[in-house]
Each structure stands twice: as C-alpha cells, then as structure tokens.
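S.K.: Predicted coordinates and the sequence they were generated for:
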Amino acid sequence: MMITGLTCGIKISVESLYRKDLSNIENGMYFFNYRIVIENLNTYEVQLKSRYWYIFDSLHPVKEISGDGVVGEQPILVPGQKHVYVSGCDLHSEIGYMRGHYVFERVGVHEQFKVVVPKFSLFALPKLN
C-alpha cells in the first residue's frame, strides 16, 4: 500500500515490502525494503540535503538515524521532477514502522525547510498455507 504526504510543495510517496529472502528469522532479523518517490510540485528547484528516520521496532529500542542525502545522493529536483530510490531496514520483530523528515534547500536562495515523510508500517506477514 502506498502512503503519501505533501509538505511545502514536496510530495512524498512510500511503500514498504517485507523481504523474507533477506531475513534471518531464526536469529530474529526481519528485513524490509522501502521505495520512496519524491516529487517537486513547486515552481522552483529544490535540493534534498539530509534525512532523519525514527524507526520503531516492537521488540527493540527505537533507532534514530540521520545523515546527508539519501542513499549517497543529494538530488536537485526541478519543478515537476521526481526522484525515486529504494533502501532497506532490519527489525528484531515482525512489526514496526518508520517515520521521519527530509531537509530541503531552495536552490539559489539557500532557504531550508523540512518535509515530513509519512509514517509507514513494516509488517512481516506470515505465509498462509
């Protein structure tokens, strides 16, 4: 299921996927991929400068992660442009969620603003026989 949010003219759409093939259930490690589409709906260029993640794991302390860009990039988006990337996260349980924000900068003006990444669920659904 795609989750979508809009902040300051930046549309963020997220979908997550449990990866049984990359998980190690016997050792309590559940792996998830998430795909994010970032779309600039403004009339000006923006650059993604940094990210912040709050990762909730039902059987483990919360993890907070921050850093420059996303997957090693700080993309510049012209009006109407989309940037798509895939990343991953591991949990110690079958249930969790992620939420966070990006810091963007208006190109040429050096004005920064936060864009909310909507909360999305991480569920390892059992296989039904």
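M.R.: Cool, the structure landed.

S.K.: Quick one: name whatever helix or strand follows the host helix or strand of residue 35.
M.R.: Element membership of residue 35 [criterion: DSSP states H and E] is strand 30-40. Using DSSP H and E, the helix or strand that follows strand 30-40 towards the C-terminus is strand 46-57.

S.K.: Quick check: closest non-adjacent residue to the residue most central in space within the chain.
M.R.: Nearest to the geometric centre of the chain sits residue 36, at 5.8 Å (C-alpha atoms, centre = their mean). By the measure of C-beta to C-beta, 6 or more residues apart in numbering, the closest residue to residue 36 outside its immediate chain neighbours is residue 14, 5.2 Å from it. Glycine gets a C-beta too; all of them are placed from N, C-alpha and C.

S.K.: same check, this time on residue 29
M.R.: With sequence-adjacent residues excluded and distances taken as C-beta to C-beta, 6+ apart, residue 29 is closest to residue 90, at 5.4 Å.

S.K.: Extract the CA atoms of whichever helix or strand the one you found is part of and return them as PDB.
M.R.: Using DSSP H and E, residue 90 sits within strand 82-91. Taking C-alpha atoms only, strand 82-91 is exported to PDB below (Å, rounded to 0.1, in the frame of the first residue of the first chain):
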ATOM      1  CA  LYS A  82      10.500  13.000  -9.400                       C
ATOM      2  CA  HIS A  83      13.300  11.200  -7.600                       C
ATOM      3  CA  VAL A  84      12.800   7.600  -6.800                       C
ATOM      4  CA  TYR A  85      15.000   5.400  -4.600                       C
ATOM      5  CA  VAL A  86      14.900   2.100  -2.700                       C
ATOM      6  CA  SER A  87      16.500   1.500   0.700                       C
ATOM      7  CA  GLY A  88      16.200  -1.000   3.500                       C
ATOM      8  CA  CYS A  89      15.800  -1.600   7.200                       C
ATOM      9  CA  ASP A  90      16.000  -4.500   9.500                       C
ATOM     10  CA  LEU A  91      14.000  -5.100  12.700                       C
END
